[in-house]
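Trainee: Provided below for reference: sequence and predicted model.
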There are 2 protein chains.
Amino acid sequence: MPSLIQPREDTGLAARLARSAAATEGAGPATADFASWLAGRGRASTFRVDRIPFAELDGWSFEEPTGNLVHRSGRFFTVEGLRVTEEEGPYGDGPYADWHQPIIKQPEVGILGILAKEFDGVLHFLMQAKMEPGNRPQVLGSARTGGTPTLLQLSPTVQATRSNYTKAHQGADVKYIEYFIEPGRGRVITDALQSEHGSWFFRKSNRNMVVEALEEVPLLDDFCWLTLGQIAQLLHRDNVVNMDSRTVLSTLPHADPTAGALLPDTRLLSWITGERSRHDVRAERVPLAGLPGWKRGEDTIEHQDGRYFKVVAVRVQAGNREVTGWTQPLFEPVGQGVTAFLTREFDGVRHVLVHARVEGGFLDTVELGPTVQYTPGNYAHLPAAQRPLFLDAVLAATPLYEAVHSEEGGRFLNAESRYLLVEADERLAPLDPPPGYAWVTPAQLSSLVRHGHYLNVQGRTLLACLNAWTVSGR
Amino acid sequence: MPSLIQPREDTGLAARLARSAAATEGAGPATADFASWLAGRGRASTFRVDRIPFAELDGWSFEEPTGNLVHRSGRFFTVEGLRVTEEEGPYGDGPYADWHQPIIKQPEVGILGILAKEFDGVLHFLMQAKMEPGNRPQVLGSARTGGTPTLLQLSPTVQATRSNYTKAHQGADVKYIEYFIEPGRGRVITDALQSEHGSWFFRKSNRNMVVEALEEVPLLDDFCWLTLGQIAQLLHRDNVVNMDSRTVLSTLPHADPTAGALLPDTRLLSWITGERSRHDVRAERVPLAGLPGWKRGEDTIEHQDGRYFKVVAVRVQAGNREVTGWTQPLFEPVGQGVTAFLTREFDGVRHVLVHARVEGGFLDTVELGPTVQYTPGNYAHLPAAQRPLFLDAVLAATPLYEAVHSEEGGRFLNAESRYLLVEADERLAPLDPPPGYAWVTPAQLSSLVRHGHYLNVQGRTLLACLNAWTVSGR
């Protein structure tokens, strides 16, 4: 009789993932043909997105007396006000210790799931060509694509809200959802609740899952199987791999052959605990109406100085599908962000410099983020002494890795950041970093993202980019 | 030049802790003399605690119009109302899916810290004899103590709120605090934010730390050095080791020689993530005034059916100290709790049955708790089908381990539970447990409590008791 007891860790998994990362071609589309595959999917389903005044939103209205922007069904999400106060601050994305802002409240936990399967002994991942209304239209590179702009990017197999997958009458709409909600349909590789943008969402988290199928999986339209090596190459292109894919990919475990670091794990965890204890942040939901510093017009809610982001509304129309279209609010940042890890090797072991960040919408005060995560325009008016640490150095550097990626296109309009890896030295980023910063290895970050609420969504994107760069970039 | 890179894990620590656990005597008081040592500390500082009407509280009042119970300084804590709603519930400590209750709001993160130090190669832990007003007076066992009832229990070296240790003029009051707030004063052994009672506190967590001193440490009055083996023996006695000590002790790492379990770690984490996603709980702070189902009198706020707990007020008077006394509110449960792990060995590997519990005050919906965690009186009125799973079986069992321990005596009055380990079999608790329950090894629980918000405070007490029973009980 086989033992009931299993090893606590799957020691073969990291090697299987490394084999997939080394595979630059796989059972699906060839990497060179990928742009035309995606463009083809785009031609098969065209979409048009137009800005509209709030008054033309269908089913959405500013509820009295709070002025919160809500849907009449009570579903989807609401836009409300938030007041954030930090004792002895500031540490947030702004030079202030007390601020007001609009925020998206969407308490449902969704599933972001990637299905994996071995073909010829190599793990492949089932990715989906998916339209999101907030994506900036991309003209794909190759001549064969005909230059049609597309809103498609590569999403996880499943990107579903709880309402999507628990309502029986709609369950059939979410392809492949059964692998993520029916126990025993596959072997779980990773599964944790991870935060989304703490500056734009109030305590939102999604379930990030990778599940390996052990049986035949039908291949549906708009889906393709890719190896990790292929995805790594696509992560070097602008706006191809969407945010939801990047966060799920970041949770895949990696081998740590040296098992060494500047800070042993216990000291790293202690530093994080100290940062969480040190920041005394209160985030309080307040009415959107009359939010100090913000003004509501016909088309936008915006900051009085034009900084940060705007709340806007769009109409989405599908060219050739049964769905005739919908309207919805989106958050539109006022400029492109810059998101970077400074990186150094110490005694041959690569480290990145993480920043313990306060964002008003975090569940637990502080998460680790990139060294630099700012929209430079928001700081242009400040004297040099108040400009964020490391920002100017990153803007001046020649990066090891660079790509523009977009944030969640279902909630954010034209929200893009340049994601960078920048080699540093002792002068730029010392061994003993300033308070609020710590050097950690990519393997330590991998250990942390087995659990939720340690690494923010921008940090997870950069971890996915770093892994891609390690595989195929240098 | 020594390498900058250190091993991520301190592989020698578990063996050093095991050596301390094996030491039944140490450099401090002999275990047999411990009761007289504690009684002696009790005679050196006598206290008297009396119930008073709310009107006699000094500085505390029911604020208008909320009716919340607050201190005029804005410090300490407040008693407010909470409404908890669970979609598709109920799963909480009550057979209801929607309820109101008073709750303590105390947003500060405190430090619970135990200082460790080697004497003759054996780790000792610096424990403090500490009075808390909510403790039930204990008549200590030995004839030499003279039978004086004492409110003293054994607390961590440091038990301090943030106000205690950040205000410069009061910092001197917290003995040994420097080891826990000055980097480099010692070597961190564990450090994580852990939740407190989610049924009584709104999102309260404390920093649980163990720090090893590498230099001489002065021994002050009311403190003593004990080995883990000695503490394990004291954990078999009623009401000696206080809650704050138990939760800190539970975070000490343990070796896992088999490194095997029924559920590999990834599946365990996935199960926890699934439980967190499955429960759709909304906890909303509401005014204490007019809280449905609760009535406020001169002396108590209590539930209309006499269940759950009461809010009361006490006056504390010190016999022989400069502090002349104070008044404060406390929560008083209406009956003794029963808190138990069912335990089984599978193929020689011990497991306990954890329960994914919803408590209204948890930060993140669900934490793992004991198999059974109930106040039986609250369920006595219910038909058998609605009585909590496993409760009757635990009440009928002969336990492997049993002791009465009290909850935090600074906030709770006479709040005691019988903590039990009960051996189970396939009939009582099957290999494939009901939804919401899972079999895990003590080593897996140890791995989880390196991180916050996985194991609730009652679960952490039972983990400390289980470790004590493993060492010295059987």
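Mentor: It's in.
Trainee: rest of the way, CA atoms for contacts and neighbours
Mentor: Noted.
Trainee: quick one, what contacts whichever residue of the stretch 51-200 of chain A sits closest to chain B?
Mentor: Residue nearest to chain B within the stretch 51-200 of chain A: residue A:191 (5.0 Å; C-alpha to the nearest C-alpha). Residues in contact with residue A:191 (C-alpha atoms under 8 Å, 6 or more residues apart in numbering or on different chains) are A:207, A:208, A:209, A:210, A:450, B:266, B:269, B:270, B:273.
Trainee: what pLDDT, on average, does the helix or strand hosting the last one get?
Mentor: Okay, so that is residue B:273. Here residue B:273, judged by DSSP states H and E, is contained in helix B:265-278. Across helix B:265-278, the average pLDDT comes to 95.
Trainee: Show me which positions of whatever helix or strand comes next after it end up buried.
Mentor: The first helix or strand that comes after helix B:265-278 along the chain, using DSSP H and E, is strand B:280-286. Buried residues in strand B:280-286, defined by neighbour count with 16 or more other C-alpha atoms under 10 Å in any protein chain shown: B:280, B:281, B:283, B:285, B:286.
Trainee: How much space separates the residue of the stretch 51-200 of chain A closest to chain B from residue A:78?
Mentor: Using C-alpha to C-alpha, to the nearest Å, one gets 27 Å for the distance from residue A:191 to residue A:78.
Trainee: Equivalent analysis for residue A:364, please.
Mentor: 21 Å.
Trainee: that older thread, would you convert the buried residues of strand B:280-286 into TSV that also reports distance to residue A:8?
Mentor: Compiled in TSV, these are given as follows (distance: C-alpha to C-alpha, whole Å):
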residue	distance to residue A:8
B:280	30
B:281	31
B:283	35
B:285	40
B:286	44
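Trainee: re the thing from before, nearest residue to the residue of the stretch 51-200 of chain A closest to chain B in space, ignoring adjacent ones along the chain?
Mentor: The spatial neighbour of residue A:191 that comes closest, neighbours along the chain excluded (C-alpha to C-alpha, 6 or more residues apart in numbering or on different chains), is residue A:209 at 4.4 Å.
Trainee: now the strands for the stretch 151-300 of chain A?
Mentor: Under the criterion DSSP state E, counting those that start in this stretch, the stretch 151-300 of chain A contains strands at A:152-155, A:158-160, A:186-195, A:205-213, A:223-227, A:260-261, A:280-286, A:294-296.
Trainee: which stretch in the ones you listed has the least confidence?
Mentor: Sorting the strands of the stretch 151-300 of chain A by mean pLDDT places strand A:280-286 lowest, at a mean of 90.
Trainee: Return the list of strands paired to that strand, each annotated with direction.
Mentor: Strand A:280-286 pairs in its sheet with strand A:78-87 (antiparallel), by DSSP bridges.
Trainee: ok, and what's touching the partner strand?
Mentor: Residues from elsewhere that reach strand A:78-87 (C-alpha under 8 Å, 6+ apart): A:67-71, A:97-106, A:279-289, A:291, A:360.
Trainee: and the helix holding residue B:273, what other elements does it pack with?
Mentor: When contacts are defined as 3 or more C-alpha pairs under 8 Å, 6 or more residues apart in numbering or on different chains; DSSP states H and E, helix B:265-278 sits against strand A:186-195.
Trainee: Tell me the neighbouring strands of the strand it packs on, and mark each as parallel or antiparallel.
Mentor: Here, using DSSP bridges, strand A:186-195 pairs with strand A:205-213 (antiparallel).
Trainee: okay, the angle between the partner strand and helix B:265-278?
Mentor: Put simply, strand A:205-213 runs at 130 degrees to helix B:265-278, going by axes from the mean of the first three to the mean of the last three C-alpha atoms, to 10 degrees.
Trainee: which outside residues touch strand A:205-213?
Mentor: A:109-117, A:179-180, A:185-196, A:247-248, A:251-252, B:273, B:277.
Trainee: what residue ranges in chain A score low on pLDDT?
Mentor: A:1, A:88-96, A:140-148, A:166-172, A:319-323, A:473-474 (pLDDT under 70).
Trainee: Show me which helix runs longest in it.
Mentor: Determined from DSSP state H, the single longest helix within chain A is helix A:457-472.
Trainee: What separation do you get for residue A:398 and chain B?
Mentor: 27 Å (C-alpha to the nearest C-alpha, to the nearest Å).
Trainee: That residue contacts residue A:422, correct?
Mentor: Yes. Counting by C-alpha atoms under 8 Å, residue A:422 is a contact partner of residue A:398 at 7.0 Å.
Trainee: Which residue of these two possesses the greater neighbour count?
Mentor: residue A:422 (21 against 13; other C-alpha atoms under 10 Å in any protein chain shown).
Trainee: Could you list everything that one pairs with in the sheet?
Mentor: residue A:342.
Trainee: who touches it in this structure?
Mentor: So residue A:422 contacts A:340, A:341, A:342, A:343, A:394, A:397, A:398, A:399, A:400, A:401 (C-alpha under 8 Å, 6+ apart).
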